[in-house]
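**Student:** what's the 3D shape of this:
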Amino acid sequence: MPTADQFFPYLHEPQYRLLLMPLGVRKTDGVTITPDGRLKAKFGFVKAETPLTNIVYTMITGDHLWIKAVGLRGSSADSGVTFGTSPKQGLCIMFSEKIPRILGFRPHRALWVSVADPLGLAEAIGAEIKS
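**Tutor:** Presented below is the predicted three-dimensional model:
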């Protein structure tokens, strides 16, 4: 376990700034791994949090179509939620127990975050990294 918070900021691209502004997304938002073993993701006005022990695996993905990767989005395919600032790269985080609902009507099985360092975040989480 880390002795201090490990912070992973989102990858910000200027062309999406106006699109993300109404969501309250700031350059200070990102994903934090806490010393007590929790993942905390902040994306503007919304947050997600879960113990690291709830994470089954992670997977680095990208490039994506911007329309599917930028913004706050839900996925019916895997009951996931996206915290996206860039379509270039990101980390899909799969949970054992679903996290509380952020969008839609059901809790979420996965969270995709477009952090600037997806491999670093995956390693900090400590779960299996799938390819």
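**Student:** okay, which residue is most central for this protein?
**Tutor:** Val113 (2.7 Å; Cα atoms, centre = their mean).
**Student:** and Ser114, how many residues sit next to it?
**Tutor:** Per other Cβ atoms under 10 Å, the neighbour tally for Ser114 reads 27. From N, CA and C alone the C-beta is placed, and that goes for glycine too.
**Student:** and what of Gly30?
**Tutor:** 23.
**Student:** list the contacts for the nearest residue to it once chain neighbours are set aside?
**Tutor:** Spatially, and ignoring its direct neighbours in sequence, Gly30 is nearest to Pro9 (4.0 Å; Cβ to Cβ, 6 or more residues apart in numbering). By Cβ atoms under 8 Å, 6 or more residues apart in numbering, the contact list for Pro9 reads 27-30, 115-116.
**Student:** Out of these, which end up buried?
**Tutor:** 29-30, 115-116 (16 or more other Cβ atoms under 10 Å).
**Student:** show me where pLDDT drops low in this structure?
**Tutor:** 1-2 (pLDDT under 70).
**Student:** Could you identify the longest helix within it?
**Tutor:** helix 118-125 (DSSP state H).
**Student:** which helices and strands sit right next to that helix?
**Tutor:** strand 6-9, strand 30-33, strand 55-61, strand 90-99, strand 128-130 (3 or more Cβ pairs under 8 Å, 6 or more residues apart in numbering; DSSP states H and E).
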